[in-house]
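**Q** The sequence isn't on hand, but the structure is:
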């Protein structure tokens, strides 16, 4: 199995994604929000690129079934139900609801990789389960950190590096790394005893702290709080109802 | 002073380069060749993008004054005088000569950053001198690893990370790092006791070994063999005749 990581987010041509599993990562905070919301019982999530599209899409669903969530400039969007802190996405708010989500980096990323074979949603919350699923499907992987407004993101790459570390430790076959995935793995090894240090060094982490959202860093650094592996397919993110193999069983060695 | 590093080589818009010093790095092997050749007394180096352009340009200079050097697929080009191993570029061959050089990654990089304020040529051979020059000019910096056929290059980024390390240790002012330049610095810290390990992990390093060119890895890992800082200006790389401050003096603390 080869693991590649796209250090700078950009649209990828279908041949680069052909027959590859893809993991989209936006630790601060879009994929953390998605994993959290679905683990709290949200029905499904529709990531959209613009605020206008979010307002258009919500009108197409029956009243009361669908919530709008996301951010611009890390702040809740006017007229939206929810912001971009995973802590907001609790069962009391989201259980049984559809979410339409638009964020600066994370929701774009799904459209960049939409031709991938199986597109998973990764975060520290479900990293063990995602690693388990990657070992199960046994396919070449592309990790896709969502980045920071088109730039390299330290915290997302550290999360990618942890995923690589888990797959190497779990995998029974040799794992081939590229220059970029070696780098992600080395970054994880540097920060594995203190993920928050990476968050505090990162541009986006410091930005959130400056906005008074520092609590979200601590929250998003929690590891393995759930074993769901949400999948993006046909424009919608859902948790498959009957996974062929329980991620928790695959992860028990970690 | 802020230090940014471009992890993936691509053409940069002039506003990203405005008032920035730039260091182009292609350790294996274009910038190592350039620094070596100029330290051995080559007159100047003209980096060109294509083999055809190299053959055209050599005709415009008086016979016997100019040599053709470079590679395609890491191999010497048919009809060229020299390949792409720094060991070939010794005084007996290059002293007083103009070189026209075309390589897969390194020579392109100079064209990508050609609107930079001062464009330096970096390698492990002259890294202390380049760091000294960067401290002297005291300007925001963009480090530009040449990459590996458009992809991220581990060995070039490790070299960029060493440059960052030297500037931090030497600099009297605070140095601001970005997510990317933190990463380069961490990579250097990981490999600082064994640069060859990074070369052996890298895709291009392994490619050279497979072609029987492994000796070049050992050669290019030599640190501070010269104190020249070649500058790319108006399409030509030269060593300025009268540097305002001796790089060796600036480097004596390292």
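**A** Sure thing, it's come through. Keep in mind that what you see is a predicted model, and the values were worked out from it rather than measured.
**Q** Chain A against chain B: which residues are in contact?
**A** Residues of chain A lying close to chain B by C-beta under 8 Å from any C-beta of the partner chain are A:7-8, A:148, A:151-154, A:157, A:178-180, A:182-183, A:186-187, A:189-190, A:201-203. Heads up, the C-betas are built off the backbone N, CA and C, glycines and all.
**Q** how does it look with 10 Å?
**A** Residues of chain A found near chain B (C-beta under 10 Å from any C-beta of the partner chain) are A:4-8, A:10, A:147-148, A:151-158, A:177-184, A:186-187, A:189-191, A:198, A:201-205.
**Q** What ranges does the stretch 101-250 of chain A have for its helices?
**A** For the stretch 101-250 of chain A, the helices defined by DSSP state H, counting those that start in this stretch cover A:106-112, A:127-137, A:154-170, A:179-191, A:195-201, A:203-210, A:214-220, A:247-250.
**Q** of the residues of chain A next to chain B, buried ones?
**A** Buried subset of the residues of chain A next to chain B (neighbour count, 16 or more other C-beta atoms under 10 Å in any protein chain shown): A:4-8, A:147-148, A:151-158, A:177-184, A:186-187, A:190-191, A:198, A:201-205.
**Q** now the helices of the stretch 101-250 of chain A in CSV, with mean pLDDT and distance to residue B:107?
**A** Listed next are the helices of the stretch 101-250 of chain A as CSV, based on pLDDT from 0 to 100; distance: least, C-beta to C-beta, whole Å:
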stretch, mean pLDDT, distance to residue B:107
helix A:106-112, 89, 30
helix A:127-137, 95, 39
helix A:154-170, 97, 29
helix A:179-191, 98, 20
helix A:195-201, 97, 34
helix A:203-210, 97, 32
helix A:214-220, 97, 43
helix A:247-250, 43, 48
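**Q** now these as TSV including distance to residue B:31?
**A** As requested, the helices of the stretch 101-250 of chain A are arranged in TSV below (distance: least, C-beta to C-beta, whole Å):
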stretch	distance to residue B:31
helix A:106-112	32
helix A:127-137	37
helix A:154-170	26
helix A:179-191	17
helix A:195-201	29
helix A:203-210	28
helix A:214-220	39
helix A:247-250	45
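**Q** can you tell which of those is closest to residue B:45?
**A** Taking C-beta to C-beta, helix A:179-191 is the member of those nearest to residue B:45, at 26.5 Å.
**Q** Between the two ends of stretch A:119-134, what distance do you get?
**A** One end of stretch A:119-134 sits 11 Å from the other (C-alpha to C-alpha, to the nearest Å).
**Q** how near is residue A:59 to residue A:20?
**A** In this view, residue A:59 and residue A:20 are 35 Å apart by C-beta to C-beta, to the nearest Å.
**Q** Ok, residue A:84 next?
**A** Counting by C-beta to C-beta, the gap from residue A:84 to residue A:20 is 28 Å.
**Q** between the two, who's got more neighbours?
**A** Shown here are residue A:84 and residue A:20; by other C-beta atoms under 10 Å in any protein chain shown, residue A:84 has more neighbours (29 against 20).
**Q** hang on, the more buried one is in a helix, isn't it?
**A** No: read with DSSP: H, G, I helix; E, B strand; the rest coil, residue A:84 is coil and lies in no helix.
**Q** SS state for the closest residue to it other than its chain neighbours?
**A** Leaving out its chain neighbours, the residue that sits closest to residue A:84 by C-beta to C-beta, 6 or more residues apart in numbering or on different chains is residue A:71, at 3.7 Å. Secondary structure state of residue A:71, per three-state DSSP, is strand.
**Q** Neighbours of residue A:71, how many?
**A** For residue A:71, the neighbour count with other C-beta under 10 Å is 22.
**Q** Beta-bridge partners for it, please?
**A** Counting by DSSP bridges, residue A:71 is bridged to residue A:76.
**Q** swap in residue A:22?
**A** Beta bridges link residue A:22 to residue A:119, residue A:142 when assigned by DSSP bridges.
**Q** The helices of the stretch 101-250 of chain A: which one's closest to residue A:233?
**A** Nearest to residue A:233, of all the helices of the stretch 101-250 of chain A, is helix A:106-112, at 10.2 Å by C-beta to C-beta.
**Q** Show me which residues of the closest one are buried.
**A** For helix A:106-112, a neighbour-count test (16+ other C-beta under 10 Å) marks A:106, A:107, A:108, A:109, A:110, A:112 as buried.
**Q** Likewise for stretch A:34-52?
**A** Applying 16+ other C-beta under 10 Å to stretch A:34-52 flags A:34-48, A:51 as buried.
**Q** Could you look up the SS state of residue A:67?
**A** With three-state DSSP as the basis, residue A:67 sits in strand.
**Q** Angles on the backbone of the residue nearest to it when sequence neighbours are not counted, please.
**A** Nearest in space to residue A:67, with sequence neighbours left out and distances taken as C-beta to C-beta, 6+ apart, is residue A:81 at 4.2 Å. Main-chain dihedrals, residue A:81, degrees, to the nearest 10: phi -80, psi -30.
**Q** gap between the closest residue in space to residue A:165 that isn't next to it in sequence and residue B:87?
**A** Beyond its immediate neighbours in the sequence, the residue positioned closest to residue A:165 (C-beta to C-beta, 6+ apart) is residue A:188, lying 5.5 Å away. When distance is defined by C-beta to C-beta, residue A:188 is 37 Å away from residue B:87.
**Q** Residue A:138 too?
**A** From residue A:138 to residue B:87 the distance is 44 Å (C-beta to C-beta).
**Q** what's the answer for residue A:21, then?
**A** Taking C-beta to C-beta, one finds residue A:21 at 43 Å from residue B:87.
**Q** These two - which one has more neighbours?
**A** residue A:21 (23 against 14).
**Q** check contacts around that one.
**A** A:1, A:3, A:116-120, A:130, A:133-134, A:136-143 (C-beta atoms under 10 Å, 6 or more residues apart in numbering or on different chains).
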